[in-house]
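[1] Pasting a predicted model and its sequence here:
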Amino acid sequence: MPYMTDRKRAVGLGSSKSGTEHHWSMTLSSVGLLILVPLFVFTFGPALGLPYEEMVLYYSRPFPALVAGLTFVVGFHHFRGGAEIMLEDYVGGFARKASLAILACLSYGLMAAGLFAVLRLAL
Amino acid sequence: MADVNRGNRPLSPFMIGPYYRPQWTSMTSIFTRITGNGLIVAAALTVWWFLAAAAGPDAYRVANGVITSWFGDIVMTLSVAALWYHTLAGIRHLIWDTGRMLEVGRAERLGQAAVAGAVILTILTVLIV
């Protein structure tokens, strides 16, 4: 026993056997969003309500388009991770599997749609 | 140990009310989940706006009209408040993850700071945007 570290003694004793990757992925994406969200709010906000031609010009510039694209990718990844935990907390059995599948479709669908739209506007 | 009441006890954390006194820490935690998941509404509206913008002037006029209508303004303003609150609550979790500010008093003050900060940031955002 004296040669075992505290960490080594604790490995495998938890009930779930996994989850640190999920937590770390949420931590990383939250730091990314900490940078992206203020940039997105203050680049997307002024574009809201612009006439069509001015809006197209605005999102042809690289900076607002890059911020929007990155926010969609990191944001929907983070949303999927967070909503997954909520569903696992409150939904069980087949309903859990079904709702997790719907969640994945919704998250990646919105991510792809947002990316496609920004690319088409910017290019 | 004898446990005569097995299986008939109130389950944490679903006993808010008669058994569980609401505190700043638990309420701000629940609110973090509600705001984070609720943001899907604004996120979907935003993606719709971008798709419509990419599709052409007619589709853009419809989506832009809905989001900048009085109803859209209410949804987007509430969402900005939810976004800032969720962001500040997330910073709180990043601080907690380093092992700091976990004492009850300081944790409660962090929660109060997140609520106050979200109100201030929301007012600033509405004024600027």
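    Cool, got the structure.
[2] What strand or helix carries the residue in chain A that chain B sits nearest to?
    Residue of chain A nearest chain B, by CB to the nearest CB: residue A:45 (3.2 Å). Every residue, glycine included, has its C-beta placed from N, CA and C. Take DSSP states H and E as the rule and residue A:45 turns out to sit in helix A:20-47.
[3] The helix or strand just after that helix - contacts with which helices or strands?
    Note on helix A:20-47: by DSSP H and E, the next helix or strand toward the C-terminus is helix A:52-58. Contacting helix A:52-58 under the criterion 3 or more CB pairs under 8 Å, 6 or more residues apart in numbering or on different chains; DSSP states H and E are the following elements: helix A:20-47, helix B:40-55, helix B:57-67.
[4] What residue in chain B comes nearest to chain A?
    residue B:129 (3.2 Å).
[5] Contact partners for that residue?
    Neighbouring residues of residue B:129 by CB atoms under 8 Å, 6 or more residues apart in numbering or on different chains: A:41-42, A:45-46, A:48.
[6] what's the least confident helix or strand in chain A, going by average pLDDT?
    helix A:6-10 (a mean of 82; mean pLDDT, DSSP states H and E).
[7] Only C-alpha atoms, please: export that one in CSV.
    Output in CSV follows, covering the C-alpha atoms of helix A:6-10 (Å, rounded to 0.1, in the frame of the first residue of the first chain):
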residue,chain,number,x,y,z
ASP,A,6,-3.9,8.2,-3.8
ARG,A,7,-5.0,8.5,-7.4
LYS,A,8,-4.0,4.9,-8.2
ARG,A,9,-6.1,3.7,-5.3
ALA,A,10,-9.1,5.6,-6.5
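[8] near chain B at all, that helix?
    No. Figure legend: helix A:6-10 not in contact with chain B (CB under 8 Å from any CB of the partner chain); closest approach 15.2 Å.
[9] Name the residues of that helix that come out as buried.
    For helix A:6-10, burial by neighbour count (16 or more other CB atoms under 10 Å in any protein chain shown) applies to no residue.
[10] One more: stretch B:31-39?
    Result for stretch B:31-39 [16+ other CB under 10 Å]: buried residues B:31-33, B:35-37, B:39.
[11] and residue 120, what pLDDT?
    In the absence of a named chain, this looks at chain A. What the model reports for residue A:120 is a pLDDT of 96.
[12] Chain B is the one I meant
    For residue B:120, pLDDT reads 94.
[13] Which strand or helix spans it?
    helix B:104-128.
[14] One more: residue A:79?
    Going by DSSP H and E, residue A:79 is part of helix A:62-90.
[15] what packs against the helix or strand following that helix?
    Downstream of helix A:62-90, the next assigned helix or strand under DSSP H and E is helix A:93-122. Helix A:93-122 sits against helix A:62-90, helix B:40-55, with contacts defined as 3+ CB pairs under 8 Å, 6+ apart.
[16] starting at the chain centroid, how far to the first one?
    This means helix A:62-90. 2 Å (CA atoms, centre = their mean, to the nearest Å).
[17] relative orientation of it and helix A:93-122 in degrees?
    Orientation of helix A:62-90 against helix A:93-122 (axes from the mean of the first three to the mean of the last three CA atoms, to 10 degrees) gives an angle of 180 degrees.
[18] Great, nothing more from me.
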